[in-house]
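Enquirer: Structure for this input, please:
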Amino acid sequence: MKKGSLIISIALSVLFFSCHTSYNPQSLEYTGYQVKQQPITDSSLVNMLRPYSTRLQASMGQVIGQVAVNLEKRQPEGTLGNVMADAMLQRARASYGKHVDAAFMNYGGIRLTQIPQGPLTLGKLYELSPFDNIVVLLSIRGNVFRQFLDHIAGRGGWPVSGMKMEISNNRSANVTIDGKPLNDDAQYTIAVLDYNANGGDDCTMLKGLPQQNNGIIFRDELQAYFTQLQKEGKSITARVEGRVIKN
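Expert: From the prediction side, this is the model:
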């Protein structure tokens, strides 16, 4: 993003968050920048940006899907996490044009505890996923994959799609990928956020693995997934189905 565009974007965000209460997170993060809620005292700046603020407010109120049931953030498995992991897997396959075995959403990256039944707005999506994380693909050997799953188990379970696992004594057990047992000698392709791929959330076992990065932000992939469901006349729904079980 060019510097001038970034400044305008930041100014619009600050104006919007200071003048409206319908969409009001504590902060909005960009790559390398953090914008915190601050009052604007320069009336000429407020007047200049007001038309853009109105447009931004309308954009954040855009309905991008219909939620059929309350979606909950829970461990070891929750409906909100299942929706996000499913979206990541489907969109990763579409965006990269290749088979992806499984997708993982780090639990701490889900910034809302619930999405209520009813219309889902773009503003609510920004609250759910405010960070500019990118969905990347990793080529991972089965034995390293198992280390990653053990790490997830030790964290109480993360949202997954394309696989199932049990948590026993804080370690992964009875892991299946597309219905087949995890093979320590096989090579897999998984979708994760670049934050985790680069070692975030103590995922040190993922650092240095072969990585594909197309630069598409996960939030944009979520919007595309929800918008497509809406076009097809489908609602956003999920259920707990034993993807991650804690013994």
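Enquirer: Could you say whether Ala238 sits in a helix, a strand or coil?
Expert: Following DSSP: H, G, I helix; E, B strand; the rest coil, the label given to Ala238 is coil.
Enquirer: who's in contact with it?
Expert: Val69, Leu71, Thr79, Leu80, Asn82, Val83, Asp86 (CB atoms under 8 Å, 6 or more residues apart in numbering). To be clear about C-beta, it is placed using only N, CA and C from the backbone, and glycine gets the same treatment.
Enquirer: Make a ChimeraX selection of whichever of these turn out to be buried.
Expert: The following ChimeraX line selects those of the contacts of Ala238 that are buried, judged by 16 or more other CB atoms under 10 Å:
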select :71,79,80,82,83,86
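Enquirer: domains for the protein, by residue range?
Expert: The chain breaks down into these domains under automatic domain parsing: 3-60, 65-246.
Enquirer: and these, which is most packed in?
Expert: Stretch with highest mean neighbour count among those: domain 65-246 (a mean of 18; mean count of other CB atoms under 10 Å).
Enquirer: Do me a favour and get the end-to-end distance for that domain?
Expert: End-to-end distance of domain 65-246 (CA to CA, to the nearest Å): 32 Å.
Enquirer: re the thing from before, out of the contacts of Ala238, name the ones that lie in helices.
Expert: Counting by DSSP state H, the part of the contacts of Ala238 found in helices is Thr79, Leu80, Asn82, Val83, Asp86.
Enquirer: Would you convert those residues into a markdown table that also reports pLDDT?
Expert: A markdown table is the format used below for the ones in helices among the contacts of Ala238 (pLDDT from 0 to 100):
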| residue | pLDDT |
| --- | --- |
| Thr79 | 98 |
| Leu80 | 98 |
| Asn82 | 98 |
| Val83 | 98 |
| Asp86 | 98 |
